[in-house]
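Chemist: Turn this into a model:
(one chain, ligands or ions: 1)
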Amino acid sequence: MDYKYLASLLFPQPLPSADEIEAKYPPRGLPEGAAVTRFAPSPTGYVHFGGLFPTTVDERLAHQSGGVCYLRIEDTDSRREVKGAAEALVKTLAHYGIKFDEGVTETGEVGAYGPYTQSKRAEIYHVFAKRLVEEGRAYPVFSTDEELEEIKTADKKAELKSVDWEVDAGARREAMLARRNFTIEQVEQELAAGHKFALFAIAEGDGTRKRKVTDLVRGALELPENDEDIVLLKSDGIPTYHFAHVVDDHLMRTTHVIRGEEWLPSLPKHLQLFSYMGWKPPKYIHISQIMRLDEGGSKKKLSKRDMGANLDDYSRLGYCPLAVTEYVMTLLNSNFEEWRAQNPDKPYTDFPFSVKKMSASGCLFDLHKLDDVAKNVVSRMTAEDVYEQFYAWAKEYAYDFASVVDTMGADYAKSIINIGRGGKKPRRDYGTWVELQSFMKPFYDETFEVENDYPENTDLHDVRAALSAFAETYDEDDDAGAWFEKIKAICAPLGYCADMKEYKANADAYRGSVADVSMMIRVAVTGRLNSPDLYTVMHIIGAERTLSRVRAMINKL
Ligand code: GLU
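Modeler: Sure thing, here's the model as predicted:
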């Protein structure tokens, strides 16, 4: 058959040559070893927690090696498209520290290797599809979209090796060979009748043989060779993912493709296309599904409905984005945590991220672990930074509390946030803004309440006496030492022991200890049995508030 003539029938429109296109996408001229990575989502309008895994790997590999990380929108399936999803995605990812150097941004496309939206690249795909027809590697199939859908479903089943595969295999193979068989006259007739065609690439593989493929994390794998003809263009001329990503990743000079494991079975297909095109394939990393433990302790996929699956959950619950990012880093590289402990003050981007440290089996999602990481992250932040992020969060998610914060001003809030901050072992009271809100409540009259009762064995007469003595002697100008001496002085007249060592040795001789007396004051002043250093708390809220709370408690008892 005259393939050149066939190609001219199928693609009658004037198209640039493949060389002309190639010339527009020259090698990037990056230093040796610089990675070019991309995130290539379909704009379906939902950002799953799992999406942070490939993107974090993309970002780290590129930026750690002096390379480029770009965002490409794969909108070839318009049925799944959601308006505005791409913009929302860019914004969400930027929130988690993933910034792209090129591609689709919030304000349009940036970079010399575009367009970065597949729907704008139709002509480019046609140029290379046409080349495959000219080389006798691709052929048209004139059929309705329903028929095509059937073919696709059958291919999918074959890929997944579903039960009826063996039974259907022979019949499907026959149908496929029949599709390859046609005459130029038939093509002319179909086109003259205005019929549309899908374009298939001929599979040269033998499904009974294995081909070696390499995944940088999973290592050398053997997958069945591809023996299913590959749909390149659908009947509307729009390419399939298989074809589009091959063309794009080549032209955009991608060195590493990091994507979900659901694409692993298609890898032989993709490598086949790269080889037909005469292009060097990128290196591949397939990321496993994120797992979680269910109540019974068995592993389940983190599904859309699970808490923490939707990235919006994290904003609502007040996780600072850095906490989420560092949590993802701990899941991606098992040695990150150790590095973090040794380098508490360095930005996470200083960590030498390594593909070799990634695990091939799925990461286990664990909210408790996230909370732990979050507490560490927040404890290392400056009070200023915590305040800014917390206040912005409160304005959106805890509006009433933001108004309460306003009553005392920013410096007051920062002095609360500053408690126990700095130094080698900063306090880890809260990891989320929801927890910080709770931490801050006792410091404001509007939200202060006595949340904890005195423990059952507490003698309320003693409490009254201790509080009265405290109120009489409290002087805001005392330093911490003098302040504590006064609390100790309350002890003896009440039969409480001022010295903890002595109390431990001789507990029976006393009604209680200075710790009990402190607790009596603590509950009155903070409403809680547990609080940060009481002296500090009193100095933040001021003498007036301190004493009025103490008196209110005396009256209440
Ligand atoms: N558009 C594909 C998806 O959303 C991209 C896979 C890839 O990264 O190559 O699954």
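Chemist: how about the strands in the stretch 401-550 of the chain?
Modeler: 496-497, 512-513 (DSSP state E, counting those that start in this stretch).
Chemist: can you tell me the average pLDDT over the first one?
Modeler: Summarised as a single mean, pLDDT over strand 496-497 is 97.
Chemist: same thing with the last one?
Modeler: Model confidence over strand 512-513, given as mean pLDDT, is 96.
Chemist: what sits against the closest residue to Asp533 other than its chain neighbours?
Modeler: Once flanking residues are discounted, Asp533 sits nearest to Ile419: 7.2 Å by Cβ to Cβ, 6 or more residues apart in numbering. In short, each C-beta sits where N, CA and C put it, glycine included. Going by Cβ atoms under 8 Å, 6 or more residues apart in numbering, Ile419 touches Arg427, Asp429, Pro532, Asp533, Thr536, Val537, Ile540.
Chemist: Pick the one among the residues you listed closest to the ligand.
Modeler: Within the contacts of Ile419, the smallest distance to the ligand is 40.0 Å, found for Asp429 (Cβ to the nearest ligand atom).
Chemist: show me the contacts for the closest one.
Modeler: Contacts of Asp429 (Cβ under 8 Å, 6+ apart): Lys375, Ile419, Gly420, Glu435, Leu436, Phe439, Pro532.
Chemist: Most remote residue from the middle of the chain, which is it?
Modeler: Taking Cα atoms, centre = their mean, the residue of the chain most remote from its mean C-alpha position is Pro493, at 59.3 Å.
Chemist: Quickly note the distance from that residue to the ligand.
Modeler: For Pro493, the distance to the ligand (Cβ to the nearest ligand atom, to the nearest Å) stands at 74 Å.
Chemist: what distance separates stretch 74-83 from the centre of its chain?
Modeler: Per Cα atoms, centre = their mean, to the nearest Å, the displacement of stretch 74-83 from the mean C-alpha position of its chain is 22 Å.
Chemist: which bits of the stretch 1-150 of the chain sit near the ligand?
Modeler: Within the stretch 1-150 of the chain, the residues that sit near the ligand (Cβ under 6 Å from any ligand atom) are Ala40, Pro41, Ser42, Glu74.
Chemist: do the chain as well
Modeler: Checking the chain against the ligand by Cβ under 6 Å from any ligand atom, the hits are Ala40, Pro41, Ser42, Glu74, Tyr241, His245, Val257, Arg259, Gly260, Trp263.
Chemist: again, 5 Å this time
Modeler: Ala40, Pro41, Ser42, Glu74, His245, Arg259 (Cβ under 5 Å from any ligand atom).
Chemist: Next up, the contacts around the residue nearest to Arg428 when sequence neighbours are not counted.
Modeler: The shortest distance from Arg428 to any non-neighbouring residue, by Cβ to Cβ, 6+ apart, is to Lys375 (4.2 Å). When contacts are counted by Cβ under 8 Å, 6+ apart, Lys375 touches Arg428, Asp429, Tyr430, Gly431.
Chemist: what about the helices in the stretch 351-500 of the chain?
Modeler: Per DSSP state H, counting those that start in this stretch, the stretch 351-500 of the chain carries helices over the ranges 367-380, 383-397, 399-408, 410-417, 433-440, 460-473, 480-494, 500-505.
Chemist: Tell me the buried residues in the shortest one?
Modeler: What it means is helix 500-505. Tyr503 (16 or more other Cβ atoms under 10 Å).
Chemist: which secondary structure elements does it contact?
Modeler: Packing contacts for helix 500-505, counted by 3 or more Cβ pairs under 8 Å, 6 or more residues apart in numbering; DSSP states H and E, involve helix 514-526.
Chemist: again, 10 Å this time
Modeler: In terms of contacts (3 or more Cβ pairs under 10 Å, 6 or more residues apart in numbering; DSSP states H and E), helix 500-505 is packed against strand 496-497, strand 512-513, helix 514-526.
Chemist: and if you look at the fourth one?
Modeler: Under the contact criterion of 3+ Cβ pairs under 10 Å, 6+ apart, the helices and strands touching helix 410-417 comprise helix 383-397, helix 399-408, helix 433-440, helix 534-541.
Chemist: List the residues that contact the most centrally placed residue in the chain.
Modeler: Residue closest to the average C-alpha location in the chain (Cα atoms, centre = their mean): Leu52, at 2.8 Å. Leu52 sits next to 59, 92-93, 96-98, 290, 311, 314, 324-325, 327-328, 331-332 when contact means Cβ atoms under 10 Å, 6 or more residues apart in numbering.
Chemist: make it 8 Å
Modeler: So Leu52 contacts Leu93, Tyr96, Ile98, Leu311, Val324, Thr325, Val328 (Cβ under 8 Å, 6+ apart).
Chemist: What of Glu135?
Modeler: Taking Cβ under 8 Å, 6+ apart, one finds Tyr3, Tyr276 in contact with Glu135.
Chemist: Can you tell me whether I have it right that Glu123 is in a strand?
Modeler: No. Per DSSP: H, G, I helix; E, B strand; the rest coil, Glu123 lies outside any strand segment and is helix.
Chemist: and the residue nearest to it when sequence neighbours are not counted, helix, strand or coil?
Modeler: Once flanking residues are discounted, Glu123 sits nearest to Leu15: 6.4 Å by Cβ to Cβ, 6+ apart. Classification of Leu15 using three-state DSSP returns coil.
Chemist: I'd guessed Leu15 sits against Lys130; true?
Modeler: Yes. Using Cβ atoms under 8 Å, Leu15 is in contact with Lys130, at 6.4 Å.
Chemist: Please identify which of the two sits among more neighbours.
Modeler: With neighbours defined as other Cβ atoms under 10 Å, Leu15 and Lys130 compare such that Lys130 has more, 22 against 18.
Chemist: Verify the stated contact: the more buried one with Leu6.
Modeler: No. Taking contacts as Cβ under 8 Å, Lys130 lies outside contact range of Leu6: 9.8 Å.
Chemist: check contacts around Cys491.
Modeler: Each residue near Cys491 by Cβ under 8 Å, 6+ apart is listed here: Cys497, Ala498, Ser513, Val514, Val517.
Chemist: which residues does the third one form a beta bridge with?
Modeler: Spelled out, it's Ser513. For Ser513, the beta-bridge partners are Cys497 (DSSP bridges).
Chemist: quick one: low-confidence parts of this structure?
Modeler: 79-81, 144-148, 151-168 (pLDDT under 70).
Chemist: Apply 50 and report the result again.
Modeler: Scanning the chain for pLDDT under 50 picks out the ranges 162-165.
Chemist: before we move on, back to that, can you tell me which of the contacts of Leu52 has the most neighbours?
Modeler: Most surrounded of these: other Cβ under 10 Å gives Val328, at 25 neighbours.
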